[in-house]
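Novice: What shape does this take:
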Amino acid sequence: MTSADGSRKPTLESIGDQVMCLCGCVATLNHCPHRDCATVAEIRPIIEKEIAEGKDETTILQDLAIRYGVQVLAAPPARGFSLTAWILPGVGLVVGLSLVVVIARRWRKAAPVAAGVPPKPLDPKLLAAVEEEMKASGLGTRN
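Specialist: Model prediction:
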């Protein structure tokens, strides 16, 4: 349904999807799992009354936010401190991906293998001492 100015006429269903139930179920008004929820019984008549008065969706949502607080809105308004709820997930994603890229690059650079470089020769004194120890213990000799 649309009104004369071309905007959609609000319905109980459309507003109920944008309003949180305050009974503690963490669901919107239309999806509250409690059969006899006091919050639903309290808020639905208010919404129906405001629709009957000809108010638009935005005005009804603002009235509910004034009456019950901003926590009644399913999506916080994109202004003031509530703007952080919209911005922070994106910032966190960018920072997290950047960290993954930096760590992956460091791991790749950290383990360069020197191909074809012979190992350092052993100290001949140390090698002689090990051979003497092996002879003394009866483990054999070096070939």
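Novice: And the protein, what are its domain boundaries?
Specialist: 12-75, 77-109 (automatic domain parsing).
Novice: so what does the longest helix anywhere in the chain touch, helix or strand wise?
Specialist: Using DSSP state H, we find that the single longest helix of the chain is helix 83-110. Of the remaining helices and strands, none touches helix 83-110 by 3 or more Cβ pairs under 8 Å, 6 or more residues apart in numbering; DSSP states H and E. Backbone N, C-alpha and C define where each C-beta goes, glycine included.
Novice: can you start the count at 20 instead of 1 from here on
Specialist: With 20 as the first residue, the last one maps to helix 102-129.
Novice: still on that earlier bit, buried deepest among the domains of the chain, which one?
Specialist: domain 31-94 (a mean of 15; mean count of other Cβ atoms under 10 Å).
Novice: For that one, the averaged confidence score.
Specialist: Per-residue pLDDT over domain 31-94 has a mean of 89.
Novice: Can you verify my assumption that Ser33 contacts Asp75?
Specialist: No. If you go by Cβ atoms under 8 Å, Ser33 and Asp75 don't touch, sitting 11.1 Å apart.
Novice: From the contact counts, what lies against the strand or helix carrying Leu145?
Specialist: Following DSSP states H and E, the helix or strand that holds Leu145 is helix 143-156. Using 3+ Cβ pairs under 8 Å, 6+ apart, no helix or strand is in contact with helix 143-156.
Novice: okay, that helix in PDB with CA atoms only?
Specialist: Provided in PDB are the C-alpha atoms of helix 143-156 (Å, rounded to 0.1, in the frame of the first residue of the first chain):
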ATOM      1  CA  PRO A 143      88.200 -31.400  14.900                       C
ATOM      2  CA  LYS A 144      89.000 -31.300  18.600                       C
ATOM      3  CA  LEU A 145      85.300 -31.800  19.500                       C
ATOM      4  CA  LEU A 146      85.100 -34.600  16.900                       C
ATOM      5  CA  ALA A 147      88.100 -36.400  18.400                       C
ATOM      6  CA  ALA A 148      86.700 -36.100  21.900                       C
ATOM      7  CA  VAL A 149      83.400 -37.700  20.700                       C
ATOM      8  CA  GLU A 150      85.300 -40.500  19.000                       C
ATOM      9  CA  GLU A 151      87.300 -41.200  22.200                       C
ATOM     10  CA  GLU A 152      84.200 -41.200  24.300                       C
ATOM     11  CA  MET A 153      82.500 -43.700  21.900                       C
ATOM     12  CA  LYS A 154      85.600 -46.000  22.000                       C
ATOM     13  CA  ALA A 155      85.700 -45.800  25.800                       C
ATOM     14  CA  SER A 156      82.000 -46.800  26.000                       C
END
